[in-house]
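**Student:** sequence first, predicted coordinates after that:
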Amino acid sequence: MSDDKLNQTGLSRRSFLGTAAVSGAGIAGAGLLGLAGCSNKSEGGAASGTAGSSAAADHSDYVGPGELDQYYAFNSGGQSGEVRVLGVPSMRELMRIPVFNMDSATGWGRSNESLNILNGNITPETRKFLQDNHMRCMPNGDLHHPHMSFTDQTYDGRYVYVQDKANNRVARIRCDVMKTDKVVEIPNVSGVHGLRPQRYPKTGYVFANGEHIIPITKTDSQTDPKDWWAIYTAVDGETMEIAWQVQVDGNLDNGDADYQGKYSFSTCYNSERALDVQGASGNEQDWVVVFNIAAIEEGIKKGDFKEINGVKVVDGRAAAQSNYTRYIPVPNSPHGCNASPDGNYIMLNGKLSPTVTVLDVHKLDDLFAGKIQPRDVVVAEPQLGLGPLHTAFDGRGNAYTTLFIDSQMVKWNIDKAIQAYKGEKVDPIIQKLDVHYQPGHNHTTMGETKEADGKWLVSLNKFSKDRFLNVGPLKPENDQLIDISGDEMRLVHDGPSFAEPHDMLLVAASKVHPKQTWDRNDPWMWQAAVDQAKKDGVILERAANVIRDGKKVRVYMTAVAPVFSVPQFEVNQGDEVTVYVTNMETIEDLTHGFTLDNYGIALEVGPQATASVTFTASRPGVHWFYCQWFCHALHMEMGGQMIVKA
Ligand code: K7E
Ligand code: CUA
């Protein structure tokens, strides 16, 4: 079929291929069309040997209507501040989880429940800052790294942890309801960037890197960067309180933890302590900091710490020569830091160096004991291409590294890289695949666990340029799906995404067990509403009450399609009003909402959940409220009025 003919059918190149793949219709010309995203021929030939089924083989990502994906992808939202849940291999977006952003659909950042979570553990300085600037919460976040909690070196489906580089926070998402349940602000740091949970015996600690050097105490110079430091933080993944911090040299970038529960790692750039780009990339070598978890815990126990802003901080600076840290030199400005799923190696991606440095974690005991030199821990340093940023694994001994400058994914063999480092004449590079364009992170299915299964690889590309219809000067990113189940990588899907996924977590669907409705017996999110209702003698589940308490008015209602139990209420201008809505639907997928006309208020109220919002009734008149979640044939009728008397 010619391009012309294809155009006459009114089908895009992509949808044409998808259709053909389902119907099994032969598309002999498919290979000649230069199909976007399908440039690789299927190797080994298709089962029937026809061009049609060859296209079908190329579309191993196809998940038909009503079929379910095999993996959840938790995709970071970058400066959007949220997490997106995708299905893999279809790359369909399934859900968005607001975290550090404000969200119009769900009321995140406006509802009382979300504000309690967002402001539950912030510093007094931030609390004052919010007041001074008339803000209820920090309105933005820069979320780079989602990682799931581990038990015994693999995902346990409990939580996803994320960081906020913009406002120095770590947050946790409960995977049973896919909502953020805890947020903690990290003091003493600037730019919480890298984030990784402890793998063994479980999470455990969540390690968070402070990227920018700053004066930590009042006695550190405010003007001389020689007196500025970075801080490494361990958050307790259960309580979401800060466990301890370590003061270190250099800008901490990305991190990872080992598989043994003994050490964690952080790449550092800017060993120069420069404040500009040229200065920060001047040195030939920067380093990776290795943290000795047991030694740090011991130091805290013995009282060898300074308490700074309420946090115990141990001194892990190189000059302190403590047993908390070791500094291993690696080539210029390393970025990604990735533990291999066999538990043996840590990969440090060179960024400004074309190399990936491979550490053998089993040599670290000797390093800390002073028996070997820092560089003795290095067992390979393959030259892979320009701009290596992050590395992922297939569980079969191969690594996949993104090359930002080359716009490529390079597949290489770890054992061969180690042999080559010993001087043997072997080439560790297996294949280079063009990606489109400029990849940052990559991630493989289950690839950061001992259960790495080597099925899929996602390349998160920073630029999409010509890959999609032009949507103006701001382009989407491009998250490309690559089939790595065979000997060769095969690109199978282009997935546009809004600003700006950095990292993706790919977890087998069998690991995650979300609920169908909320649980009235587990009111963690609306506990404050339960407590207040009790004081008011109101039962949330049967409520139709308007309680006046001086200038405060509390309105309790249920929502059952298509009615709110309080169809109308009256308040006086200037009253402080709180509306509590409890959704008493017992079946799945029956969400209601509460949107209040001209008051900037919209709540999501899921089945069996309570949501609330507090505001000052400063605008007089009749204000309709309505359900904004399509719930019933009479959804449009589901509403009522707030009458504000002047
Ligand atoms: Cu490489 Cu913030 Cu993980 Cu982006 S970082 S790419
Ligand atoms: Cu309830 Cu729409």
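**Tutor:** Sure, I can see it. Ligands and ions are numbered 1, 2, ... in the order given.
**Student:** what about the stretch 301-450 of the chain, any weak spots by pLDDT?
**Tutor:** Scanning the stretch 301-450 of the chain for pLDDT under 70 picks out no residues.
**Student:** contact residues of this structure facing ligand 2?
**Tutor:** On the criterion CB under 6 Å from any ligand atom, ligand 2 has as its neighbours in the chain the residues A561, H592, C627, W629, F630, C631, H635, M638. In short, each C-beta sits where N, CA and C put it, glycine included.
**Student:** now the helices: where do they sit in this structure?
**Tutor:** Using DSSP state H, the helices of the chain run over 3-8, 13-23, 51-58, 112-118, 124-132, 277-280, 293-302, 364-368, 414-421, 527-535.
**Student:** ok, of those helices, where does mean pLDDT dip lowest?
**Tutor:** Note on those: lowest mean pLDDT is at helix 13-23, with a mean of 34.
**Student:** check contacts around the closest residue to N121 other than its chain neighbours.
**Tutor:** When the adjacent residues along the chain are set aside, N121 lies closest to V184, with 4.3 Å between them (CB to CB, 6 or more residues apart in numbering). When contacts are counted by CB atoms under 8 Å, 6 or more residues apart in numbering, V184 touches G120, N121, R169, V170, A171, V235, M240, E241, I242.
**Student:** 6 Å instead, please
**Tutor:** Neighbour list for V184: N121, V170, M240 [criterion: CB atoms under 6 Å, 6 or more residues apart in numbering].
**Student:** just give me the neighbour total for the last one.
**Tutor:** Which is M240. Using other CB atoms under 10 Å, M240 has 19 neighbouring residues.
**Student:** spatially nearest residue to it, not counting backbone neighbours?
**Tutor:** Skipping the residues right next to it in sequence, M240 comes nearest to K182 by CB to CB, 6+ apart, at 3.9 Å.
**Student:** what are the bridge partners for that neighbour, then?
**Tutor:** According to DSSP bridges, the partner residues bridging K182 are R172.
**Student:** pretty sure it sits against R172.
**Tutor:** Yes. At 4.5 Å, K182 and R172 qualify as touching, with contact defined as CB atoms under 6 Å.
**Student:** buried residues, stretch 616-629. List them.
**Tutor:** Taking 16 or more other CB atoms under 10 Å as the basis for neighbour counts, the residues of stretch 616-629 that come out buried are A617, H623, F625, Y626, C627, Q628, W629.
**Student:** now, which of those sits nearest V206?
**Tutor:** Checking the buried residues of stretch 616-629 against V206 with CB to CB, the nearest one is W629 at 33.3 Å.
**Student:** how about the contacts made by the closest one?
**Tutor:** For W629, the residues meeting the contact criterion (CB under 6 Å, 6+ apart) are T591, H592, G593.
**Student:** repeat that for 10 Å
**Tutor:** Taking CB atoms under 10 Å, 6 or more residues apart in numbering as the definition of contact, the neighbours of W629 are 105-106, 559, 561, 583, 590-595, 602-606, 635, 638.
**Student:** and for I308?
**Tutor:** Contacts for I308 (CB under 10 Å, 6+ apart) come out as P187, N188, I216, T217, K218, I231, Q245, Q247.
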